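Chemist: sequence first, predicted coordinates after that:
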Amino acid sequence: MDLFRKSAGYRYLDAFVLANVVELGTCHFCNRFLNRENDPGGRTFAQMTHASRSGARNFAEGSERLKTSYASAIELLDVARASQCELRDDYNKWLMMQWQAPWATDSADSQRVYGVRLDPPDYGKDINRGFCLHIMAQAKKFESDLFSDDPVVRANTLLILISRTLNTMDKYLKKLGDEFVAEGGFRERMSTVRSAARAQQDGTQEEGPNCPKCGAPTRLRKTREGNRPFWGCSEYPACRGIVDYREQPAPANR
């Protein structure tokens, strides 16, 4: 097991790609359709562009934090998700100000946008340049609606893209939650990696009977209090099975 969890793979996730497409589309929408007449204080412009930025940047920061902390990572990812929800409400409000309601999910217009699939990323050696080119290419797949001259069409398209972003974010958060339950957090990873390193350094490390919970080999360990020996599962912290040392002697060394 590696001590640090890999995090850079988030750029390949549909959730992150969509969050960036939403940000790009929102900036174009605000630049084109918000002005001194309908947004005299510039608050709506600032709010919408900030929410779209937060949805993408907090996703990136949260994913990077996975290296050392599931707790702070999931918290930041939840902020990214909440920002997308806030932006969704801004577009709903904008449509209502035009006396419009969002497209029905089963309408032809909605289904056209939902039907556009993202291309798989291929960033090449220059990942930063490749990523930017990929985001622009994915935005252009929705070009007829996302950059329509009709602001109502643009707003509805962005609402659908936000919905798709939230759906994929939820799947990502669930995956991270399942990983945390199965593997534990960073401190547990440190304990596991250190135990494995000690076992490798000590060639005489005894291997005991199979774990009663998962069947993996157990290794001789000692309690923190009392320094009493016991057989602990080698898959700890994923498995916490133990065997009483006194009842189960180790097999003879060969």
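Modeler: Thanks, I have it.
Chemist: secondary structure class for the residue nearest the centre of the chain?
Modeler: In the chain, the centroid-proximal residue (CA atoms, centre = their mean) is Tyr172; its distance is 4.7 Å. For Tyr172, the secondary-structure state derived from DSSP: H, G, I helix; E, B strand; the rest coil is helix.
Chemist: how close does it sit to Gly9?
Modeler: 11 Å (CB to CB, to the nearest Å). Where you see a C-beta, it was placed from the backbone N, CA and C, and this is true even at glycine.
Chemist: strands of the stretch 101-250 of the chain, start to end?
Modeler: Per DSSP state E, counting those that start in this stretch, the stretch 101-250 of the chain carries strands over the ranges 207-210, 217-222, 229-233, 242-244.
Chemist: quick one, which of these is nearest to Ile162?
Modeler: strand 229-233 (44.2 Å; CB to CB).
Chemist: coming back round to it: which ones are touching the nearest residue to the residue nearest to the centre of the chain once chain neighbours are set aside?
Modeler: Of all residues not flanking Tyr172 in the chain, Ala15 sits nearest, at 5.2 Å (CB to CB, 6 or more residues apart in numbering). Taking CB atoms under 8 Å, 6 or more residues apart in numbering, we find Ala15 in contact with 59, 165, 168-169, 171-172.
Chemist: I'd like those residues laid out as JSON lines, including distance to Cys132.
Modeler: As requested, the contacts of Ala15 are arranged in JSON lines below (distance: CB to CB, whole Å):
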{"residue": "Phe59", "distance to Cys132": "16"}
{"residue": "Thr165", "distance to Cys132": "18"}
{"residue": "Thr168", "distance to Cys132": "20"}
{"residue": "Met169", "distance to Cys132": "21"}
{"residue": "Lys171", "distance to Cys132": "25"}
{"residue": "Tyr172", "distance to Cys132": "22"}
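Chemist: of these, grab the buried ones for PyMOL.
Modeler: A single PyMOL command is used to select the members of these judged buried by 16 or more other CB atoms under 10 Å:
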select buried, resi 59+165+168+169+172
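Chemist: between the contacts of Ala15, which is closest to Arg154?
Modeler: Nearest member of the contacts of Ala15 to Arg154, counting by CB to CB, is Thr165, at 16.1 Å.
Chemist: tell me how far the closest one lies from Arg228.
Modeler: 52 Å.
Chemist: do Asn167 as well
Modeler: In terms of CB to CB, Asn167 sits 51 Å off from Arg228.
Chemist: just Phe180 next, same as before
Modeler: From Phe180 to Arg228 the distance is 30 Å (CB to CB).
Chemist: more crowded one of these two?
Modeler: Phe180 (16 against 11; other CB atoms under 10 Å).
Chemist: give me the spatial nearest neighbour of the more buried one, chain neighbours excluded.
Modeler: In space, and not counting its chain neighbours, Phe180 is closest to Tyr70: 4.8 Å by CB to CB, 6+ apart.
Chemist: so the one you found touches Val181, yeah?
Modeler: No. Applying CB atoms under 8 Å, one finds Tyr70 not in contact with Val181, separated by 10.2 Å.
Chemist: next one, pLDDT for Lys67 please.
Modeler: Predicted confidence (pLDDT) at Lys67: the value is 80.
Chemist: er, Phe45 I mean
Modeler: 96.
Chemist: which strands and helices sit next to the host helix or strand of it?
Modeler: For Phe45, the host element (DSSP states H and E) is helix 43-65. Identification of packing neighbours for helix 43-65 by 3 or more CB pairs under 8 Å, 6 or more residues apart in numbering; DSSP states H and E yields helix 14-33, helix 70-97.
Chemist: what's the most buried one of these?
Modeler: Most buried of these, by mean neighbour count (mean count of other CB atoms under 10 Å): helix 14-33, with a mean of 21.
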